[in-house]
Structures are given as structure tokens and as C-alpha cells.
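1. I would like the atomic coordinates for the input below:
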Amino acid sequence: MRRPRTAAKLLCAAGCTLAACTLPAGGLAPGASAIGAPAGTRDPAVGAPAAVRDPAVEAPAAVPASAVGAPAAVPASAIGAPAAAPASAIAPAAGRVDGISDQSLPAWGGSFGSSPLALWLARRTLRGAAPQITMARYVVQWNAAGEPSSGPSPAGDYRERLEAWLTDVAQEGLTPVLALTSYDGRYPAGTAEYGGALEGMLRLARSLGAQVPYVEAWNEPNDQGREPAPLAARMADAANAACGRGRGCTVIAGDLQDGPGAVAYEREYERSLTFAPQIWGVHPYVAVRTHDDARLLGMIGALPRGGRSARVWFTEVGAYYCEDGAIRGQAAQASDASYLLALIRDPRLAPVHVFYYGLLYQDGRAAPCAAGGGSDTELISPDGVPRAAAEVLLAGIPDTSQMAFGPVP
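-> Below you'll find the model as predicted:
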């Protein structure tokens with residue numbers, strides 16, 4: 001995804017290049033220090049700039065979901081017959097967004113517990129007879145569980161923010177998904193350290209009443225810092241081993257963005273794995289931004305048996321309102337949201353679950369979007385008013401600026 005960029009991570013042993021990197025016998029090579037937050041994952045601790053305004057005088061009309069037609073029936077055979085999913089597996093997306101990937105969730109409106117958006121989601125979307133949003137995803141600092149904690153806090157350190165997110169997700173009965181990354185420039189020294197950190201995180205989640213059934217070994221390894229494919233595969237192998245030690249989780253492999261070189265990267269990554277993944281994650285930001293699914297279809301086709309031997313999830317995707325400091329506006333965002341809906345309903349892709357990145361940025365602020373880096377894919381503006389894209393993907397979402405604050409039941 002196109003977020004703030006940093007220098008490439010030096011994941012190789014001294015003297016090697018990313019293009020010709022070989023993995024050390026001891027496991028994962030340590031990363032270089034002081035390289036900042038990885039591109040592709042917004043750290044919620046980073047402050048937001050002043051609110052970005054839409055140049056349009058009036059908001060465009062919402063783009064109805066019917067603009068992309070009725071969803072085509074997707075037979076079970078369309079995604080093959082993967083190995084049995086864990087007992088915690090939930091119903092598929094059924095042609096719509098069914099998950100949120102939102103780093104700001106604990107700080108919606110300053111506090112999830114008193115957020116009007118959380119109140120609406122709890123009453124209308126999460127707990128209804130046929131709830132739309134049933135899953136939540138969080139991109140977490142890989143060694144967060146080892147930090148000190150004074151208790152859950154959306155403004156705390158990495159561990160405290162994770163605890164706040166886990167607590168809120170467990171309260172709402174959402175199925176949690178964790179994706180590991182590095183925000184601070186520190187990386188695992190080897191597979192043993194990585195696996196131990198992941199197991200510590202899973203124990204922490206369980207202690208907070210949030211069993212984590214799905215783990216993404218590393219977020220966007222082909223975009224956020226350009227990890228070599230063999231190294232990313234080793235992390236997935238280590239995550240699979242950790243999940244296999246009675247942790248009750250399943251690894252989502254890949255987690256790849258559909259940018260240039262994605263197909264070749266995916267093939268090298270798959271050849272380097274030592275297990276057969278049940279689930280593959282993709283981030284189709286480019287397809288949604290360009291309204292071109294050619295590379296995305298190529299990625300699915302490059303999976304084992306053309307993608308028929310495993311489930312495919314859109315583990316993160318968004319439609320840009322603002323991109324790298326350039327405001328695209330509500331009409332462009334809504335058009336992209338309609339294209340995303342068409343991708344979700346395309347039987348050639350048939351994603352089992354779809355996680356949208358960003359509903360509402362934290363503390364009533366605008367999502368960072370500045371020239372040279374930063375993007376805003378939020379569905380709700382800082383003042384609580386839904387953007388046109390929200391009606392495309394989450395029909396019936398209210399104007400939360402007009403809702404009274406109060407505790408979520």
C-alpha cells in the first residue's frame with residue numbers, strides 16, 4: 001500500500017544486497033536500526049496533521065451497491081478444497097466487506113467504549129441477526145508482548161495499545177486477526193526469537209479473553225521494507241510452528257500487496273515455504289486504485305493449483321480519499337469502493353473474508369496524508385460524517401456527528 005516511505009530494510013548479513021541475499025543458517029537476519037516505521041502500516045502513535053479538506057463544495061451522491069450488480073453465486077469448488085479450517089472459522093464474507101483492519105479502533109472518538117461509531121456497530125452491524133462485520137485485524141509490533149504494561153491504553157506503548165485493541169474486540173465478540181510487523185526498526189534475530197515473541201503475544205491475548213485464531217506472519221513483506229521472499233517465508237514457517245504448539249491458530253500466508261513484481265515474489269515465497277498454507281492473504285490496493293485486476297488475477301493464478309488448493313482472503317484493502325498528500329475526494333473514493341465490491345463478488349477471486357483498512361481515524365483527527373507519504377482510506381470523516389464510500393461498503397452507516405456519546409452496551 002502507499003503509505004509513508006522509509007529506507008529499505010537491511011535484512012541481509014553484512015555485505016549482501018537485497019537482490020542477492022541468502023539467509024544465514026541461524027535464521028532471520030537482524031534488521032538495521034533506526035529506519036523508522038515500515039511503509040505500508042500506519043503506526044497509531046504517529047500524530048496526524050491538520051485536517052485535510054475535500055475541495056468539493058458539496059459531497060457527491062453515494063454510489064449504491066447496485067452499481068456493480070448482484071453478486072454472482074460462488075460454488076465451493078471455486079476456491080478448491082483446502083485442509084479443514086479451525087473450529088473457530090466463521091461464515092464467509094458472502095460478497096461484502098466482513099472485517100475491519102483499523103489501528104485506531106480503541107481511540108475512536110477518544111475512547112471505543114464511548115464512541116458513537118462503536119455504539120452503532122454494536123447495535124446494527126456486529127450483533128444483528130445477520131451481522132456484516134464479524135472480524136477485526138490489527139498490525140502489531142512483533143515484540144509488543146515483551147514490553148511493560150500498566151494496563152490497556154490506546155495512547156500507551158505497543159503492548160498497552162494491543163491490550164486495548166484486544167479488550168475492545170473481545171467485548172464486541174469479533175474474531176481477532178493479528179499481523180506482525182516492525183514499527184521501531186528492530187527485527188527478530190532468528191526464528192527462535194520470532195516464534196517466542198509470537199507465542200508470548202498469543203498468551204497475552206488469551207489472558208485478556210481474546211483467543212486469536214488467525215495470524216499473519218508479517219505484514220506486506222513485498223511492500224513495507226521489501227523483505228526478501230525467502231526471509232518472509234521463514235517467518236511464516238516459524239509462525240506455523242508456533243501455532244502448531246497448541247496455540248490454536250492458523251497462519252495466513254503471503255499477505256502480499258498487488259504491486260509491481262508481486263507475482264514473481266509470490267512464486268519465490270511459495271517455493272521457500274516448508275508447509276502448505278490453508279489461507280493466502282492479498283492486499284489488492286493497486287487493483288482498486290487503478291480499476292485493473294490483471295496483476296491480482298495473476299497472483300491468484302500463481303498460487304498452488306491456481307489458487308484452488310487454499311482459501312484466499314483480502315486481509316487488507318482500502319479506497320483512497322487522499323493519497324500521498326493529494327486529495328482525490330469522495331467521488332473517486334466511492335468509485336474505487338464500488339470497484340472493490342465488484343472484485344469481492346468476482347467468482348474468479350472469491351475472497352473468503354475481506355478486511356477494510358480504516359473506518360474512523362483516532363481522536364477525531366484526520367488520517368495523516370502529506371506529500372511524499374501518507375494516505376487516507378477512512379470511510380468516516382474526522383467530524384463523524386460518513387463519506388460516500390461508506391454507503392457503498394457499509395450500507396446504513398449513520399452520521400455519528402449527530403449521535404450522543406454514551407457507553408457501548
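2. Residue 181 touches residue 216, doesn't it?
-> No: contact criterion CB atoms under 8 Å: residue 181 and residue 216 do not qualify, at 9.1 Å. Just so you know, the C-beta spots here come from the backbone N, C-alpha and C atoms, and that holds for glycine as well.
3. Just want to know which of these two has more residues nearby.
-> Applying other CB atoms under 10 Å to residue 181 and residue 216 shows that residue 216 carries more neighbours, namely 28 against 22.
4. So what's the residue count around the nearest residue to that one once chain neighbours are set aside?
-> The spatial neighbour of residue 216 that comes closest, neighbours along the chain excluded (CB to CB, 6 or more residues apart in numbering), is residue 179 at 3.6 Å. By other CB under 10 Å, the residues close to residue 179 number 24.
5. thought residue 179 was touching residue 221?
-> No: with contacts counted by CB under 8 Å, residue 179 stays clear of residue 221, the gap being 10.6 Å.
6. list residues touching both of these two?
-> residue 255 (CB atoms under 8 Å, 6 or more residues apart in numbering).
7. Lowest average confidence across helices and strands of the protein, where is it?
-> helix 116-120 (a mean of 69; mean pLDDT, DSSP states H and E).
8. buried residues in the helix or strand just after it?
-> Using DSSP states H and E, the helix or strand that follows helix 116-120 in sequence is strand 135-141. Of the residues in strand 135-141, those buried under the neighbour-count criterion (16 or more other CB atoms under 10 Å) are 135, 136, 137, 138, 139, 140, 141.
9. Same question for stretch 169-176.
-> 169, 170, 172, 174, 175, 176.
10. of those, closest to residue 353?
-> Distance to residue 353, by CB to CB, is smallest for residue 175 among the buried residues of stretch 169-176, at 9.2 Å.
11. May I ask you to confirm that residue 288 is in contact with residue 314?
-> No: in terms of CB under 8 Å, residue 288 does not count as a neighbour of residue 314; the distance is 9.6 Å.
12. list the residues that contact both of these two?
-> The contact lists of residue 288 and residue 314 share residue 343, where a contact means CB under 8 Å, 6+ apart.
13. Then residue 246 would be within a strand, right?
-> No: when the secondary structure is assigned by DSSP: H, G, I helix; E, B strand; the rest coil, residue 246 falls in coil instead of a strand.
14. Phi and psi next, for it.
-> With angles defined as degrees, to the nearest 10, residue 246 shows backbone torsions of phi 70, psi 20.
15. And it, how far from residue 92?
-> 27 Å (CB to CB, to the nearest Å).
16. With neighbour numbers in mind, choose between the two.
-> Taking residue 246 and residue 92 together and counting by other CB under 10 Å, residue 92 has the greater number of neighbours (17 against 9).
17. show me what contacts the more buried one?
-> Applying CB under 8 Å, 6+ apart, the residues near residue 92 are 98, 352, 353.
18. For the closest residue to residue 369 other than its chain neighbours, give me its contacts.
-> Distance criterion CB to CB, 6+ apart; nearest residue to residue 369, sequence neighbours excluded, is residue 322 at 3.8 Å. For residue 322, the contact set (CB under 8 Å, 6+ apart) comprises 52, 328, 367, 369, 374, 375, 376.
19. So what does residue 322 look like in phi/psi?
-> Geometry field for residue 322 lists phi and psi as phi -140, psi 140, criterion degrees, to the nearest 10.
20. Run through the bridge partners of it.
-> residue 327, residue 376 (DSSP bridges).
21. Could you do residue 215 as well?
-> Under DSSP bridges, the beta-bridge partners of residue 215 are residue 178, residue 251.
22. mind listing what it touches?
-> 177-180, 198, 202, 239, 242-243, 249-252 are the contacts of residue 215 under CB under 8 Å, 6+ apart.
23. Please produce TSV containing those, extended by pLDDT.
-> Conversion of those to TSV gives the following (pLDDT from 0 to 100):
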residue	pLDDT
177	97
178	97
179	97
180	96
198	97
202	96
239	97
242	95
243	94
249	96
250	97
251	97
252	97
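24. For these, give me JSON lines that also has distance to residue 151.
-> Formatted as JSON lines, the contacts of residue 215 follow (distance: CB to CB, whole Å):
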{"residue": "177", "distance to residue 151": "23"}
{"residue": "178", "distance to residue 151": "20"}
{"residue": "179", "distance to residue 151": "24"}
{"residue": "180", "distance to residue 151": "23"}
{"residue": "198", "distance to residue 151": "22"}
{"residue": "202", "distance to residue 151": "19"}
{"residue": "239", "distance to residue 151": "27"}
{"residue": "242", "distance to residue 151": "26"}
{"residue": "243", "distance to residue 151": "27"}
{"residue": "249", "distance to residue 151": "25"}
{"residue": "250", "distance to residue 151": "30"}
{"residue": "251", "distance to residue 151": "30"}
{"residue": "252", "distance to residue 151": "29"}
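25. And for residue 203, the neighbour number?
-> For residue 203, the neighbour count with other CB under 10 Å is 12.
26. And residue 105, by the same measure?
-> For residue 105, the number of neighbouring residues by other CB under 10 Å comes to 27.
27. thought it was touching residue 171?
-> No: contact status for residue 105 versus residue 171: not in contact, 11.1 Å apart, counting by CB under 8 Å.
28. What residues sit buried inside stretch 248-256?
-> Of the residues in stretch 248-256, those buried under the neighbour-count criterion (16+ other CB under 10 Å) are 249, 250, 251, 252, 253, 254, 255, 256.
29. which residues does the first one contact?
-> Which is residue 249. 86, 202, 212, 213, 214, 215, 242, 243.
30. Tell me the spacing between it and residue 172.
-> Residue 249 is 20 Å from residue 172, by CB to CB.
31. so who does residue 358 touch?
-> Taking CB under 8 Å, 6+ apart as the contact definition, residue 358 lies against 101, 102, 104, 318, 367, 376, 377, 378, 379.
32. Sorry, wrong one. I was asking about residue 247.
-> When contacts are counted by CB under 8 Å, 6+ apart, residue 247 is found next to 199, 202.
33. Per-residue pLDDT of it, please?
-> With respect to pLDDT, residue 247 scores 75.
34. What are the boundaries of the strands in the protein?
-> Using DSSP state E, the strands found in the chain span residues 99-101, 135-141, 175-181, 214-216, 250-257, 279-283, 311-317, 322-323, 326-327, 354-357, 375-376.
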